[in-house]
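Just a sequence and a predicted model for now, questions to come.
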Amino acid sequence: MGCGKSSTGRALAERLGARFVDLDAEIVARQGRSIPEIFREGGESAFRAAELEALRAVIDEAGAADCDTVLALGGGTLTVPAARDLVFSRTRCVWLRTSLETIRERLGDVDASRPLFADAGKLFAARTPVYAQAPRVVDTDGLGPAEVAAAIESVFMQD
């Protein structure tokens with residue numbers, strides 16, 4: 001949360017002429033209910049199951065259609081080993097590395113009702129070692145979405 005996944009993903013998709021998919025929006029569309037409703041009705045485990053199902057579907061659909069897709073994952077997606085394995089093996093994953101200071105600045109007065117918002121510092125500490133496993137990294141501090149998208153494109157050209 002706060003690293004610019006969605007805004008950067010949209011900018012990158014536009015640069016590449018690719019389809020953009022926000023995984024959270026995909027979950028909502030497939031489940032027919034909001035993320036807070038999923039959490040309320042089934043807890044985080046129900047949400048993670050729905051998330052993994054949507055992730056598999058999006059990756060399978062992109063592969064079957066042989067289409068370029070930029071996929072913005074939720075902040076906790078990679079904390080689930082099955083999701084992490086799927087993403088690392090079937091996509092060109094990039095960690096948008098963002099300092100905690102920048103995240104806090106970007107979040108500002110974010111809606112505290114978001115399911116896992118309680119403390120950005122705790123999430124940052126818990127998730128950073130997971131994100132660090134990503135095969136590609138782009139630092140986002142001080143950059144806007146278009147600049148981060150250009151940096152990602154540059155990283156891909158080095159592959």
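Everything's here; your move. Residues are numbered from 1 along each chain as shown.

Now find how far off-centre the strand or helix carrying residue 50 is within its chain.
Using DSSP states H and E, residue 50 sits within helix 35-65. Distance of helix 35-65 from the chain centroid (CA atoms, centre = their mean, to the nearest Å) equals 13 Å.

quick one: the most far-flung residue of the chain relative to its centre from residue 47, how far?
Within the chain, the residue lying farthest from the chain centre (CA atoms, centre = their mean) is residue 41, at 23.1 Å. Remark: distance between residue 41 and residue 47 (CB to CB, to the nearest Å) = 10 Å. Where C-beta positions appear, they are placed from N, C-alpha and C, glycine not excepted.

Give me the mean pLDDT for stretch 7-18.
Averaged across stretch 7-18, pLDDT comes to 95.

Tell me which residues are up against that stretch.
Applying CB atoms under 8 Å, 6 or more residues apart in numbering, the contact partners of stretch 7-18 are 19-20, 22, 67-72, 96, 140, 145-146, 148-150, 152-153.

C-terminal to the helix-or-strand element of the chain with minimal mean pLDDT, what's the next element?
Here the helix or strand of the chain ranked lowest by mean pLDDT, DSSP states H and E is helix 100-107, holding a mean of 82. Going down the chain from helix 100-107, the next helix or strand is helix 120-131, by DSSP H and E.

Send me that following helix as CSV with only the CA atoms.
Output of helix 120-131 as CSV, limited to C-alpha atoms (Å, rounded to 0.1, in the frame of the first residue of the first chain):
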residue,chain,number,x,y,z
ALA,A,120,2.0,0.6,7.9
GLY,A,121,5.2,0.1,9.8
LYS,A,122,4.4,-3.4,10.9
LEU,A,123,3.3,-4.4,7.4
PHE,A,124,6.5,-2.8,5.9
ALA,A,125,8.7,-4.8,8.3
ALA,A,126,6.9,-8.1,7.8
ARG,A,127,6.6,-7.9,4.0
THR,A,128,10.0,-6.4,3.0
PRO,A,129,11.8,-9.8,3.2
VAL,A,130,9.2,-11.3,1.0
TYR,A,131,9.3,-8.5,-1.6
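
From the chain's centre, how far out is that helix? Work that out for me.
With CA atoms, centre = their mean, you get 14 Å for helix 120-131.

Same check on stretch 59-73?
With CA atoms, centre = their mean, you get 14 Å for stretch 59-73.

got the contact list for the most centrally placed residue in the chain?
Centrality entry for the chain: nearest residue to the mean C-alpha point is residue 73, 2.2 Å, by CA atoms, centre = their mean. The neighbourhood of residue 73, defined by CB under 8 Å, 6+ apart, consists of 5, 23, 55, 87.

Nice, that's everything, thank you.
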